[in-house]
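In: what follows is a predicted protein model with its sequence.
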Amino acid sequence: MTDKPRLLIVEDEPAIRTGLVDVFTYHGFSVTAAADGDAGWRALQGGRFDLLLLDVMLPGLDGFEICRRVRAADREVAVILLTARATDDDIIHGLQLGADDYVAKPFSIAQLVLRVNAVLRRTLGAQPQAQRFTLVDGTVIDPPNLQGRRDAAALVFTRREMDVLQYLYAQRERAVSREELLQRVWGYANALEIETRTVDIHIAKLRRKLEIDPAEPRVLLTIRGAGYRLLGV
């Protein structure tokens, strides 16, 4: 047993992989590394990890497929994608599969360490889980089980999606800015310095689950110039 955060790095470029192992070992992580997607998947079958750092473009299984398989079985483990293909479509695809965040190559090692630590603070921080709550349209949200129900439709959420919902519900009397969500949900202390669309994409994912028509939201609103507001009872 170890009290160190357990990190799996799946990266096929030897110099980057070795550098990441050295950096995160120095920062107190218990690190396992794999050079391709198939080896990374085998490592996942043989151990438990707190966070997965996955390159998107890998020999064998790519990072997207590993993320998809992980999320099908585990909605708790944190996932950060490393991608040289930082197009909107790739970023949206990765976050839709359940990644917590992405980091575009080339990246700053210091920035990557900060973002890994921020994600882990939320994942390992034993955040108190609220009891069920109800949205304005009658949708019931069940945080401890990462589930919800709208009429007869069952809803399933990732841990990060539920964190966003819980925070917005707790602040439901007002709009919450993108920067506040990055600080309070993702744990990024200097949110204005973080270049990421993860908040916008998580909001879009939540609307697809919560709204009858995501193009005309009635539950999770955008308040122009202020941020997002979740309507609850």
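Out: Okay, I see it. Numbers count the residues shown, from 1 in each chain.
In: need the residue closest to the centroid of this protein.
Out: D100 (1.4 Å; C-alpha atoms, centre = their mean).
In: how close does that one get to T18?
Out: Plainly put, D100 is 24 Å away from T18 if you go by C-beta to C-beta, to the nearest Å. The C-beta positions use only the backbone N, C-alpha and C, and glycine is treated the same way.
In: is V31 part of a helix or strand, or is it coil?
Out: Applying DSSP: H, G, I helix; E, B strand; the rest coil to V31 yields a three-state assignment of strand.
In: and the strands in the chain?
Out: Using DSSP state E, the strands found in the chain span residues 6-10, 30-34, 51-55, 78-83, 101-104, 133-134, 140-142, 147-150, 153-156, 220-223, 227-230.
In: domain ranges for the chain, per the record?
Out: What automatic domain parsing lists as the domains of the chain is 6-124, 133-230.
In: could you export the ones you listed as CSV, including mean pLDDT?
Out: As requested, these are arranged in CSV below (pLDDT from 0 to 100):
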stretch, mean pLDDT
domain 6-124, 90
domain 133-230, 91
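In: looking at the strands of the chain, which is buried most?
Out: strand 51-55 (a mean of 26; mean count of other C-beta atoms under 10 Å).
In: which helices and strands does that strand pack with?
Out: When contacts are defined as 3 or more C-beta pairs under 8 Å, 6 or more residues apart in numbering; DSSP states H and E, strand 51-55 packs onto strand 6-10, helix 63-73, strand 78-83, helix 109-124.
In: tell me which of the ones you listed lies nearest to Y167.
Out: Y167 lies closest to helix 109-124 among the helices and strands packed on strand 51-55, at 10.5 Å (C-beta to C-beta).
In: among the helices and strands packed on strand 51-55, which comes closest to T139?
Out: helix 63-73 (21.8 Å).
In: and the contacts of that closest one?
Out: 10, 37, 40-41, 44, 52, 54-58, 61, 77, 79, 81-83, 93-94, 97-99, 158 (C-beta atoms under 8 Å, 6 or more residues apart in numbering).
In: please save the CA atoms from that helix in PDB.
Out: Extracted C-alpha coordinates of helix 63-73, given in PDB (Å, rounded to 0.1, in the frame of the first residue of the first chain):
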ATOM      1  CA  GLY A  63      -6.100   7.400 -25.800                       C
ATOM      2  CA  PHE A  64      -9.700   8.000 -26.800                       C
ATOM      3  CA  GLU A  65     -10.500   4.300 -26.800                       C
ATOM      4  CA  ILE A  66      -8.800   3.800 -23.500                       C
ATOM      5  CA  CYS A  67     -10.800   6.600 -22.000                       C
ATOM      6  CA  ARG A  68     -14.000   5.200 -23.400                       C
ATOM      7  CA  ARG A  69     -13.300   1.800 -21.900                       C
ATOM      8  CA  VAL A  70     -12.300   3.200 -18.600                       C
ATOM      9  CA  ARG A  71     -15.400   5.400 -18.300                       C
ATOM     10  CA  ALA A  72     -17.600   2.400 -19.200                       C
ATOM     11  CA  ALA A  73     -16.400   0.700 -16.100                       C
END
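In: now it against strand 78-83, angle please.
Out: Helix 63-73 runs at 170 degrees relative to strand 78-83, counting by axes from the mean of the first three to the mean of the last three C-alpha atoms, to 10 degrees.
In: how far does helix 63-73 sit from the chain's center?
Out: 13 Å (C-alpha atoms, centre = their mean, to the nearest Å).
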